[in-house]
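Q: Provided below are the primary sequence and the corresponding predicted coordinates.
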Amino acid sequence: FGMDEDDLEMDLPILPRMESGPSPECPFCGEPMKLMDAEGSVMEQSQQYQSTFRVSSRENQSFGTAFCIDKNTQGSFFLTCAHVVEECGEESLLIKGKEVKVLHKGVAELVDLALLYVEGLLESRPLVLTESSTLKEKHTPFEVTGFKVHREGSYKQETLVGTIKKTSKVSHENQMLQVYEFQISEGDAIEKGYSGSAIIASRTQQVIAVVTDRNRNAIEAYAVPIHHLKSIWQDAPQRLFVEEPIIEPDAGSSKPVIKKKRFPFLVPFAIILALLTFLVTKVVYPDLELGDIVLVLILISFLLAKAFVYIRTKFFTRSQ
């Protein structure tokens, strides 16, 4: 490109050591710096990038996006769009160069979802799915990570932000389906390769929907709520889903906090149990003084309270 030796003599910037958090910006172009693995795939610190992969075809140039929702010791389970599978060819699907098995597939005109399995692909992290069928706030903010053409023969993985505008319903052959209409922030566009991308609520970091198609302006698009996955995968493990709201934003803070489930029956249950303990103690030890019985009740109440807190924290909360 007409460069001489003097042009090549320049001081390279010292790259910061990042233990966690977002990637540092490039001192030359201002874009977040990315790492590449041995296979040429982008490595990012955020969970979305560790969970999102490009779906391609060995027979044509079609491609889309898929994200990991579960894994076992042999491979990973991914979710994408049914129309991505059809365009790429069910027998020609590839993710990171590995063959893909289609486990379940919906109708592209209705439940445009497909469940995939890739044996041998273990470097993925499942995203958390929410079971809620309703949005908890108006104009829900979200993030979406997908792929688009960068240059000829190369693809760019990028995260966009936007908001869910409204919930509507579409009809196909006398069947109704709930869909979300969303809008990408001004200055960005959602391109065709984003089909199959996860819509992740910004405040909870849980998947609420899957991108299916877009309008011509590439700013407004549609997504299928994630709870429709159960319509194509009837025996989907319940452990993949969490109930909304498990994590909610703290008032006055942008950071999410863990919200525990409430159990209104615990207080009356504890009172009844204490009364039964009092009666049994009075029958078994009729000569026991009232003060001693009260001390026993206080000890039992303390142990019960500790047990309830442990059970609630261990089994009924989910951290990120």
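A: Alright, I've got the coordinates. Every value quoted in this text rests on a predicted model; they were computed, and no experiment measured them.

Q: C-alpha only now, for contacts and for neighbours.
A: Fine.

Q: all strands of the stretch 101-250 of the chain, in order?
A: Remark: strands assigned in the stretch 101-250 of the chain by DSSP state E, counting those that start in this stretch are 101-105, 114-119, 129-130, 141-151, 154-172, 175-184, 198-201, 207-214, 220-225, 241-242, 247-249.

Q: Figure out which of those is closest to Val85.
A: strand 114-119 (7.5 Å; C-alpha to C-alpha).

Q: That closest one vs strand 101-105, what angle?
A: Angle, strand 114-119 to strand 101-105, by axes from the mean of the first three to the mean of the last three C-alpha atoms, to 10 degrees: 160 degrees.

Q: Just list the residues touching Ser51, thanks.
A: By C-alpha atoms under 8 Å, 6 or more residues apart in numbering, the contact set of Ser51 is Phe67, Cys68, Ser124, Arg125, Pro126, Leu127.

Q: any chance of the residues you listed in a markdown table, plus distance to Lys101, neighbour count and pLDDT?
A: Formatted as a markdown table, these follow (distance: C-alpha to C-alpha, whole Å; neighbours: other C-alpha atoms under 10 Å; pLDDT from 0 to 100):
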| residue | distance to Lys101 | neighbour count | pLDDT |
| --- | --- | --- | --- |
| Phe67 | 15 | 29 | 96 |
| Cys68 | 14 | 24 | 96 |
| Ser124 | 17 | 22 | 91 |
| Arg125 | 19 | 18 | 92 |
| Pro126 | 18 | 19 | 93 |
| Leu127 | 20 | 23 | 93 |
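
Q: if I look at the closest residue in space to Ser185 that isn't next to it in sequence, how far off is Arg214?
A: Distances taken as C-alpha to C-alpha, 6 or more residues apart in numbering place Gly162 nearest to Ser185, at 5.1 Å, with adjacent residues excluded. Here Gly162 is placed at a distance of 13 Å from Arg214 (C-alpha to C-alpha, to the nearest Å).

Q: One more: Thr130?
A: Thr130 is 23 Å from Arg214, by C-alpha to C-alpha.

Q: higher neighbour count, these two?
A: The residue with more neighbours, out of Thr130 and Arg214, is Thr130; 24 against 21, by other C-alpha atoms under 10 Å.

Q: okay, Ile164: pLDDT?
A: Among the per-residue scores, Ile164 shows a pLDDT of 89.

Q: count of neighbours near the residue found closest to it once you drop the neighbours it is linked to in the chain?
A: In space, not counting the residues next to it along the chain, Ile164 is nearest to Phe182; the distance is 4.2 Å by C-alpha to C-alpha, 6+ apart. Using other C-alpha under 10 Å, Phe182 is surrounded by 24 other residues.

Q: Give the full set of residues in contact with Phe182.
A: Counted by C-alpha under 8 Å, 6+ apart, Phe182 has contacts Gly162, Thr163, Ile164, Lys165, Lys166, Glu220, Ala221, Tyr222, Ala223.

Q: same deal with Lys71?
A: Lys71 makes contact with Phe77, Leu122, Pro126 under the criterion C-alpha under 8 Å, 6+ apart.

Q: Tell me the spacing between the second one and Thr73.
A: Think Leu122. Counting by C-alpha to C-alpha - Leu122 and Thr73 are separated by 8 Å.

Q: More neighbours: the two, which one.
A: A direct count of neighbours by other C-alpha under 10 Å for Leu122 and Thr73 places Leu122 higher, at 14 against 9.

Q: I'd guessed Phe147 sits against Thr52; true?
A: No: if you go by C-alpha atoms under 8 Å, Phe147 and Thr52 don't touch, sitting 9.2 Å apart.

Q: what residues do these two have in common as contacts?
A: Thr65.

Q: what pairs with Glu99 across the strands?
A: Beta-bridge pairing of Glu99 under DSSP bridges involves Leu94.

Q: so it makes contact with Leu93?
A: Yes: in terms of C-alpha under 8 Å, Glu99 counts as a neighbour of Leu93; the distance is 6.2 Å.

Q: Tell me which of the two has more neighbours.
A: Neighbours per residue, other C-alpha under 10 Å: of Glu99 and Leu93, the larger number sits with Leu93, 25 against 17.

Q: same question for stretch 303-310, mean pLDDT?
A: Across stretch 303-310, the per-residue pLDDT values average to 72.

Q: That stretch: how far from the chain's middle?
A: Relative to its parent chain, stretch 303-310 has a centroid offset of 31 Å by C-alpha atoms, centre = their mean, to the nearest Å.

Q: again with stretch 169-186
A: Centre-to-centre, stretch 169-186 and its host chain are 20 Å apart (C-alpha atoms, centre = their mean).

Q: All set now, cheers.
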